[in-house]
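[1] Fold the following and give me the result.
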Amino acid sequence: MFLPPPLPRTLFQEIGKIVVVWTTIEQSMILHTSAMAAMRTDGKPVDYLRMDFTRLRKKWFALCKENFDSKTFNKIVNPLNADLANQSETRGITASIIAGVISI
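    Presented below is the predicted three-dimensional model:
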């Protein structure tokens, strides 16, 4: 049986960086969304926030719209949301590559 040559260590380091950055982004969004949602429910959790990134981003965006004044929302949240939406497409492609590399 033919085995491909081992992958370079630098490839795994770059994959690790991507994983760490996106894990940090997703965890931060979960915490921020959870905090905003808890303000509406007197701290009682009613929403399950472990969901795919797109649904979480949309929920976060909607809660930001409810909780921030329009100036802050338009200056900070809108551009951040657009950037996260664009970057998450790249992340999806990267996740497929990572899954393929890990299965080798």
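
[2] Please report how far Lys71 lies from Val77.
    Taking CB to CB, to the nearest Å as the criterion, Lys71 is separated from Val77 by 11 Å. In short, each C-beta sits where N, CA and C put it, glycine included.

[3] Which one of those two is surrounded by more residues?
    Val77 (17 against 8; other CB atoms under 10 Å).

[4] ok, now how distant is the residue nearest to the more buried one when sequence neighbours are not counted from Thr41?
    If the residues on either side of it in the chain are set aside, Val77 comes closest to Cys64, at 4.5 Å by CB to CB, 6 or more residues apart in numbering. Per CB to CB, Cys64 is found 17 Å from Thr41.

[5] When these two are compared, which one has more neighbours?
    Cys64 (19 against 10).

[6] can you give me the helices in this protein?
    Assigned by DSSP state H, the chain shows helices spanning 9-40, 53-67, 70-72, 78-103.

[7] give the contact list for Glu66.
    Contact partners of Glu66, counting by CB atoms under 8 Å, 6 or more residues apart in numbering, are Met36.

[8] pLDDT score for it?
    As predicted, Glu66 sits at a pLDDT of 93.

[9] gap between it and Ala37?
    From Glu66 to Ala37 the distance is 10 Å (CB to CB).

[10] out of everything not next to it in sequence, what's closest to Asn81?
    Phe61 (5.0 Å).

[11] My read is that the one you found contacts Pro79, right?
    No - at 11.8 Å, Phe61 does not count as touching Pro79 under the criterion of CB atoms under 8 Å.

[12] out of these two, which sits in the busier spot?
    Neighbours were counted for Phe61 and for Pro79 using other CB under 10 Å; Phe61 has more, 19 against 10.

[13] Can you give me the pLDDT of the more buried one?
    95.
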